[in-house]
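S.K.: structural data only, the sequence is not supplied:
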């Protein structure tokens, strides 16, 4: 009996731990799906096995996120935003209307859902932040960036996911007084508010630098990239960076005191180095060619792999900014990495498996994404050996292990 009880306890503990597996925006915002192993090193000519597809998400560009055995994605239909909760078999478990969605330029849902500690957090394109209970799907609290924080929306609708550090949910509404804000993730109560750089948000998603002497959050604002003390909201440093649209949609990439960020609209990429105390930054290099509106890059080894806006894929030396190669075999798009390979999804619907090689753009396998509607802008996601690709109103699941 005792052995049976121990085995039962171990089974329960193992299930509980497995159920806490979580994937948020670009896994952990790096695009490197480091937990995935044993993945296929090549695909059949017509692509990996399609396990299932879900149709009817409505318009949108959001990638799926995961928590345990559930996945979450949003879509827009008839100007209303909907949160979809699916099981691992692709079956719909919940569909929740959360409010008005952005329908002017490039209509559709924009921001990835953030699962954390039994709750779901999502931001609409019209700047409303919602917190739901993951079990009951009950709305726990809500914030309006314009009414509560004096924020102004961007011309292309609000982008950018909240960042959760401990009990703090950190956002950058971009208001004059409430430029960067930390809320209690459970109640929505204000913890601190910072005037930050005093300019609009650039609408990219922030990242957390936990290895600094002063742990900090990095935001791309409309005219600056800034570092904010996570404990009290003090602005530690700022670096001027703007473009003709004052929009910077790409998530910065950080490694070993080096901070890379990329935008478009007349401005390319920049690498900064943080000082030892994390209170200042200095420019290491610039690269105008590596410039993109939605693609994001991935760091693999000592190189950056990503797309420019002008039908070109680049490999760039992380330390020096030297262009190792440029290639226009595929349309522009986004990249993630897992198990020693790159996964590239172009705006022409090309899904490619690419071997990291700083000498050439080495495509191993490729197949077209033919289901779905609208732009091919959502980033692919890998979870437990399955690759999820969202194209407009369709979500596809491919076995890649």
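M.R.: Looks like it arrived, so ask away. Just so you know, these numbers come straight off a predicted model, no measurement behind them.

S.K.: residue boundaries of the helices in the stretch 101-250 of the chain?
M.R.: Per DSSP state H, counting those that start in this stretch, the stretch 101-250 of the chain carries helices over the ranges 145-149.

S.K.: so where's it uncertain?
M.R.: 243-246, 248 (pLDDT under 70).

S.K.: show me the strands in it, by range?
M.R.: All strands of the stretch 101-250 of the chain, identified by DSSP state E, counting those that start in this stretch, fall at 114-116, 119-123, 128-133, 139-144, 163-165, 168-171, 180-184, 190-194, 207-209, 216-220, 224-229, 235-240.

S.K.: tell me which of the ones you listed is the most buried.
M.R.: Mean neighbours per residue, mean count of other CB atoms under 10 Å, is largest over the strands of the stretch 101-250 of the chain for strand 216-220, with a mean of 26. Where you see a C-beta, it was placed from the backbone N, CA and C, and this is true even at glycine.

S.K.: on that earlier part again, could I get the strands of the stretch 101-250 of the chain as CSV with distance to residue 28?
M.R.: CSV is the format used below for these (distance: least, CB to CB, whole Å):
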stretch, distance to residue 28
strand 114-116, 12
strand 119-123, 16
strand 128-133, 21
strand 139-144, 24
strand 163-165, 11
strand 168-171, 15
strand 180-184, 20
strand 190-194, 23
strand 207-209, 9
strand 216-220, 14
strand 224-229, 19
strand 235-240, 22
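
S.K.: of those strands, which approaches residue 31 most closely?
M.R.: With CB to CB as the measure, strand 207-209 is the member of the strands of the stretch 101-250 of the chain nearest residue 31 (11.4 Å).

S.K.: run the chain-centre distance for the closest one.
M.R.: 13 Å (CA atoms, centre = their mean, to the nearest Å).

S.K.: what of stretch 134-150?
M.R.: Worked out by CA atoms, centre = their mean, stretch 134-150 lies 20 Å from the chain centre.

S.K.: run through the strands of the stretch 301-401 of the chain in chain order.
M.R.: 303-307, 313-317, 323-327, 333-338, 341-346, 350-355, 362-368, 381-383, 386-391, 394-399.

S.K.: and the last one, what's buried?
M.R.: Judged by neighbour count using 16 or more other CB atoms under 10 Å, the buried positions of strand 394-399 are 394-398.

S.K.: same question, the longest one
M.R.: For strand 362-368, a neighbour-count test (16+ other CB under 10 Å) marks 363, 365-367 as buried.

S.K.: okay, the residues you listed in a markdown table with pLDDT and distance to residue 39 next?
M.R.: Listed next are the buried residues of strand 362-368 as a markdown table, based on pLDDT from 0 to 100; distance: CB to CB, whole Å:
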| residue | pLDDT | distance to residue 39 |
| --- | --- | --- |
| 363 | 98 | 16 |
| 365 | 98 | 12 |
| 366 | 98 | 16 |
| 367 | 98 | 16 |
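
S.K.: next up, the contacts around residue 343.
M.R.: 335-337, 351-354, 380, 382, 387 (CB atoms under 8 Å, 6 or more residues apart in numbering).

S.K.: re the thing from before, need the strands of the stretch 301-401 of the chain in JSON lines (columns: distance to residue 292).
M.R.: Putting the strands of the stretch 301-401 of the chain into JSON lines (distance: least, CB to CB, whole Å) gives the following:
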{"stretch": "strand 303-307", "distance to residue 292": "6"}
{"stretch": "strand 313-317", "distance to residue 292": "10"}
{"stretch": "strand 323-327", "distance to residue 292": "13"}
{"stretch": "strand 333-338", "distance to residue 292": "8"}
{"stretch": "strand 341-346", "distance to residue 292": "12"}
{"stretch": "strand 350-355", "distance to residue 292": "16"}
{"stretch": "strand 362-368", "distance to residue 292": "19"}
{"stretch": "strand 381-383", "distance to residue 292": "19"}
{"stretch": "strand 386-391", "distance to residue 292": "19"}
{"stretch": "strand 394-399", "distance to residue 292": "24"}
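
S.K.: any idea of the mean pLDDT for stretch 320-339?
M.R.: Averaging pLDDT along stretch 320-339 yields 95.
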